[in-house]
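Trainee: heads up, no residue letters with this:
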């Protein structure tokens, strides 16, 4: 009987390890643009030059789909070594014009080196792509 209990405990331990092994990746999107948002203000910065514009209508629908489909995992960086601390790169800052939903930034430091910055937390994007925007 004790051997059976030990086997069951071992099985449960293994099951919990495999269950939580993927928890570093977000299963729920946090870079989501809520359905009730109808306007987003965007600042696009590349090579030190910034452009501000507004996204709404069908373009906003495309942006919502893009944001909801991003896959990412949480990252931490030593002070002075975050993706925003390097020179060059490109950034999109998305600010919700309505409600109290936090905005987010999409940082592009290379074709396959993209990050989200949401409420001071960094996330490495696993499936990077440019936002579907027309300035």
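Mentor: Everything's here; your move. The structure displayed is predicted, hence computed values, not measured ones.

Trainee: which residues sit against the host helix or strand of residue 40?
Mentor: Element membership of residue 40 [criterion: DSSP states H and E] is strand 39-46. The contact list for strand 39-46 (CB atoms under 8 Å, 6 or more residues apart in numbering) reads 33, 50-56, 60, 63, 90-98, 133, 135. From N, CA and C alone the C-beta is placed, and that goes for glycine too.

Trainee: Select from these every entry located in helices.
Mentor: 60, 63 (DSSP state H).

Trainee: Got a PyMOL select line for the buried ones in the contacts of strand 39-46?
Mentor: A single PyMOL command suffices to select whichever of the contacts of strand 39-46 are buried according to 16 or more other CB atoms under 10 Å:
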select buried, resi 33+55+60+63+91+92+93+94+96+133
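
Trainee: So which bits of the strand holding residue 40 are buried?
Mentor: 40, 42, 44-45.

Trainee: And those residues, which two are furthest apart?
Mentor: Across the buried residues of strand 39-46, the longest distance by CB to CB is 15.9 Å; it joins 40 and 45.

Trainee: Would you map the strands across the chain?
Mentor: 39-46, 49-56, 72-75, 90-96, 104-108, 114-118, 121-125 (DSSP state E).
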